[in-house]
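Visitor: Mind folding the following:
(one chain, ligands or ions: 2)
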Amino acid sequence: MSKSTKEKAEIERLESEIRHHNRLYWDLATPEISDVDYDKLVRRLKELAPDAPVLSEMGPSKDPARVLGQEFRHKEPMLSLDKCYEPAELEEWASSFDGKVVAMPKFDGIACALHYEGGRLKVAATRGDGQVGDDITVNVLEIKDVPAKIPTKETIEVRGEIYMRLSVFAKFKAAGMANPRNLTAGAIKQKDKAKSAAYELSFAAYDLIGTKADSQVTELEELVRFGFAKMDYLVLERDRIMEGFEKFTEWRPNLDYEIDGVVYKVDSIKEQRRLGQTSHHPRFAIAYKFQGDSGITVLRQVEWSVARTGAITPVAIVEPVNLSGVTVTRASLHNVAFIGSLGLTLGAHVTLVRRGGVIPNLENVTTPGTEPVPIPEQCPSCGSPVVRERDFIFCTTPNTCKAAVIGQLAHYAATVGMLGFGDAILEHGYNAGILRSPVDFYKLQWEEIAKFERCGEKIAKKLVAEVDKKRNLELATFLRALGISELGKHVSAILADRYRTLDLVLAVTEEELLETHSIGSSIAKSVVAGLAEARPVIEALREHVTIAAPAHQDGGAEGPLSNMSFVFTGKMVAFSRSEAEKRVRALGGAVLSSVTKQLTYLVVGADKSGPKSTKEKAAEKLIGQGATLKVLSEDELLAMLESDKAS
Ligand SMILES: NC(=O)c1ccc[n+]([C@@H]2O[C@H](COP(=O)([O-])OP(=O)(O)OC[C@H]3O[C@@H](n4cnc5c(N)ncnc54)[C@H](O)[C@@H]3O)[C@@H](O)[C@H]2O)c1
Ligand SMILES: [Zn+2]
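Guide: Ligands and ions are numbered 1, 2, ... in the order given. The predicted structure is shown next:
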């Protein structure tokens, strides 16, 4: 059967298009089309010319300049996966073997093989073209999920996916990066392992070669025993195989990693061996991929909205496009720099992707438009001039800007958990002049709220009651509610846990914060400056709310040492520093690292052979200036701890 000229031309076109996209995807990590659109090209070519050589080409081209380490020849080829898109195709596959099926996430990252010998990681390699990959051992050793040592002496190979958690990706996304997979591909090839480590990559192990495990599930359990992260998977009967896809579709929006489908594998290793493999993929596994997550549409307009920080962020208004069953008309553009980096113009054709199946993201321009996107010079809410700071533009008067203030109020209400304060109520309150700062919540009178449009007595009373319920706040919640940049959930919890009282938090210095694990200099700076700037609001709020110390990790919230803070210096004799700190915390005290005038006690260890420490000198100086802080000897501390324990 000879092919028509038309078909031949289509085959040629498909081959060259697929080669073009392969190069963009594998070599440059800058794909131009979505995976779904790419897969359509591949499927069409498979129909027309199943033997086309391009169908078995994969991985980066061999350019020595791009290779990180040495080439590594795989002991067993790293194949691709067969793919399907319809329940019928999946069911047909399921009829080809006996026993159960394991369904697991299809991670969208970079495949990697780990070779262990005598319990140690010897080589980590990328998949490459399936036969030969690149040695990336140095960078892989920086990935926390990859154990350098495992409790077995056998020679084994672990296969898995290197990927970036979405929580890690969040900050790159804010900086305008489109997709975690492409970042991962770049990160793993970094020449400097510290640079690679800075991407905080993760690893999911899905395959184990070289053990006597007789099922896929036993392999996965063994991997956990070796120290790999536990994989989210399901074991299914063959006649309920679609449940795997349904469950993962349901879980997908809440997963901390990106998946582009579900991988099904035959559970029995015996059956796996019987089925074998083609030169392209194993027959005992198949990927059911998500589809329709992306589409191309036209950018009509850009709207600008003012956040509570005063940041003015662009939102794309696009021609309605259907993405996995939902009509999308808007997508965030993150910041003003993002518009430039995409080369966005009005009327441009753009690719929209619902990442993780939820938030639509504009990923790239396929055909440029004609008009530049106008960038505001005045705040769209209050008309103040805007300033540009790095990637963002800001309203210059966020403390009086209506949109920013309403944003701050909404943040406060949501953080402390006051229900019912939606944007409409907040806007009425703002317009009436009775809601201009979080303090105003506590002064609201129901009679005033009842005058708002569509409000009435019942709602008004309910809102006031909501406020009354929030007159006692935990320190961490209070801190977070202030809406200070970088003082989010994590940092607020650290501060509350460490300093225990609002006064101590307010006295904190940048240097002191920097000593806290996981707080870097830009966070420290922003938090200290933000607290200073918010001081008037904080003082005003204190008149209305009682702030409680958090329940401590090491003990109760309240204890005999509550409201007292301790700094240690010198070597202790009776117990280790960490033990002493733990006991102080258990009794409700705060352990700090530097001497300030708010400090209660400086504890000096009994083993004192050297000269006075800088901390002791600092304490003496402050005492000389009238500070109430006391210097305690180790014995005195011991006595204090003993008596408090007894009481
Ligand atoms: N957008 C583009 O321009 C473009 C271009 C080329 C390739 N691509 C993408 O690459 C795909 C082709 O690449 P492929 O051959 O590597 O196929 P694939 O990525 O669809 O499937 C094979 C890979 O899945 C990964 N995987 C993730 N989780 C897994 C699990 N639990 N078990 C087993 N494997 C798992 C492994 O890395 C494995 O190598 C295309 O379908 C497309 O999605 C896109
Ligand atoms: Zn403004």
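Visitor: Now for residue 300: which residues touch it?
Guide: By Cβ atoms under 8 Å, 6 or more residues apart in numbering, the contact list for residue 300 reads 317-319, 346-347. For the C-beta atoms, the positions are set from N, CA and C on the backbone; glycine is no exception.
Visitor: Give me the distance between the two termini of stretch 187-196.
Guide: 5 Å (Cα to Cα, to the nearest Å).
Visitor: who touches it?
Guide: The contact list for stretch 187-196 (Cβ under 8 Å, 6+ apart) reads 66, 68, 110, 112, 126, 134, 136, 138-142, 162, 164, 199, 201.
Visitor: Let me know the closest of those to residue 153.
Guide: residue 141 (19.8 Å; Cβ to Cβ).
Visitor: got a pLDDT number for that closest one?
Guide: Residue 141 carries a pLDDT value of 95.
Visitor: gap between the spatially most central residue of the chain and ligand 1?
Guide: Most central in the chain under Cα atoms, centre = their mean is residue 167, positioned 0.5 Å from the mean C-alpha point. Residue 167 is 19 Å from ligand 1, where distance means Cβ to the nearest ligand atom, to the nearest Å.
Visitor: tell me which parts of the protein are close to ligand 1?
Guide: 21-22, 24-25, 31, 33-35, 38-39, 58, 80-81, 104-107, 111, 127, 161, 206, 263, 287 (Cβ under 6 Å from any ligand atom).
Visitor: Pull out the buried residues from the residues you listed.
Guide: 21-22, 25, 31, 33-35, 38-39, 58, 80-81, 104-107, 111, 127, 161, 206, 263, 287 (16 or more other Cβ atoms under 10 Å).
Visitor: now, which of the residues you listed lie within helices?
Guide: Of the positions in these, 21-22, 35, 38-39 sit in helices, assigned by DSSP state H.
Visitor: tell me the least confident of the residues you listed?
Guide: Pick the lowest pLDDT in these and you get residue 35, at 80.
Visitor: For the stretch 451-600 of the chain, which segments count as helices?
Guide: Counting by DSSP state H, counting those that start in this stretch, the segments of the stretch 451-600 of the chain that form helices are 456-469, 475-481, 489-499, 502-506, 510-514, 521-533, 535-542, 577-586.
Visitor: from the contacts of residue 300, which single one is nearest ligand 2?
Guide: Taking Cβ to the ion as the measure, residue 317 is the one of these closest to ligand 2, at 20.9 Å.
Visitor: Pull out the buried residues from stretch 126-141.
Guide: The neighbour-count check on stretch 126-141 (16+ other Cβ under 10 Å) flags 126-130, 132-140 as buried.
Visitor: And the furthest pair within those residues?
Guide: Taking Cβ to Cβ, no two of the buried residues of stretch 126-141 sit farther apart than 130 and 138, at 22.7 Å.
Visitor: And residue 381, how close does it get to residue 284?
Guide: For residue 381, the distance to residue 284 equals 59 Å [Cβ to Cβ, to the nearest Å].
Visitor: between those two, which one's more packed in?
Guide: Per other Cβ atoms under 10 Å, whichever of residue 381 and residue 284 has more neighbours is residue 284, with 24 against 21.
Visitor: Buried residues of the one helix or strand in the chain whose mean pLDDT sits lowest, list them for me.
Guide: Confidence across the helices and strands of the chain bottoms out at helix 634-646, with a mean of 79, counting by mean pLDDT, DSSP states H and E. For helix 634-646, burial by neighbour count (16+ other Cβ under 10 Å) applies to 634, 637-638, 640-641, 644.
Visitor: Stretch 208-216 now?
Guide: For stretch 208-216, burial by neighbour count (16+ other Cβ under 10 Å) applies to 208, 211, 213, 215-216.
Visitor: Flag the least confident of these.
Guide: residue 211 (90).
Visitor: is it true that residue 518 touches residue 494?
Guide: Yes. Counting by Cβ atoms under 8 Å, residue 518 does reach residue 494; the two are 7.2 Å apart.
Visitor: These two: which has the busier surroundings?
Guide: Per other Cβ under 10 Å, whichever of residue 518 and residue 494 has more neighbours is residue 494, with 17 against 8.
Visitor: Can you list the low-confidence ranges for the stretch 251-400 of the chain?
Guide: For the stretch 251-400 of the chain, residues meeting the criterion pLDDT under 70 lie at 292, 325, 355-358.
Visitor: By proximity to ligand 1, which residue of it wins?
Guide: residue 263 (4.0 Å; Cβ to the nearest ligand atom).
Visitor: Next up, identify which helix or strand residue 250 is on.
Guide: According to DSSP states H and E, residue 250 maps onto helix 242-251.
Visitor: What is that helix packed up against?
Guide: If you count contacts as 3 or more Cβ pairs under 8 Å, 6 or more residues apart in numbering; DSSP states H and E, helix 242-251 packs onto helix 87-94, strand 101-107, strand 234-236, strand 259-266.
Visitor: just to revisit the earlier point, leaving out chain neighbours, which residue sits closest to the residue of the stretch 251-400 of the chain closest to ligand 1?
Guide: residue 106 (4.7 Å; Cβ to Cβ, 6 or more residues apart in numbering).
Visitor: Contact partners for that neighbour?
Guide: Per Cβ under 8 Å, 6+ apart, neighbours of residue 106: 81, 259-263, 287, 289.
Visitor: State the pair within the residues you listed that is farthest apart.
Guide: 81 and 259 (13.0 Å).
Visitor: picking up where we left off before, how about JSON lines for the contacts of residue 300, with distance to residue 338 and secondary structure added?
Guide: Formatted as JSON lines, the contacts of residue 300 follow (distance: Cβ to Cβ, whole Å; DSSP: H, G, I helix; E, B strand; the rest coil):
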{"residue": "317", "distance to residue 338": "15", "secondary structure": "strand"}
{"residue": "318", "distance to residue 338": "15", "secondary structure": "strand"}
{"residue": "319", "distance to residue 338": "20", "secondary structure": "strand"}
{"residue": "346", "distance to residue 338": "15", "secondary structure": "strand"}
{"residue": "347", "distance to residue 338": "18", "secondary structure": "coil"}
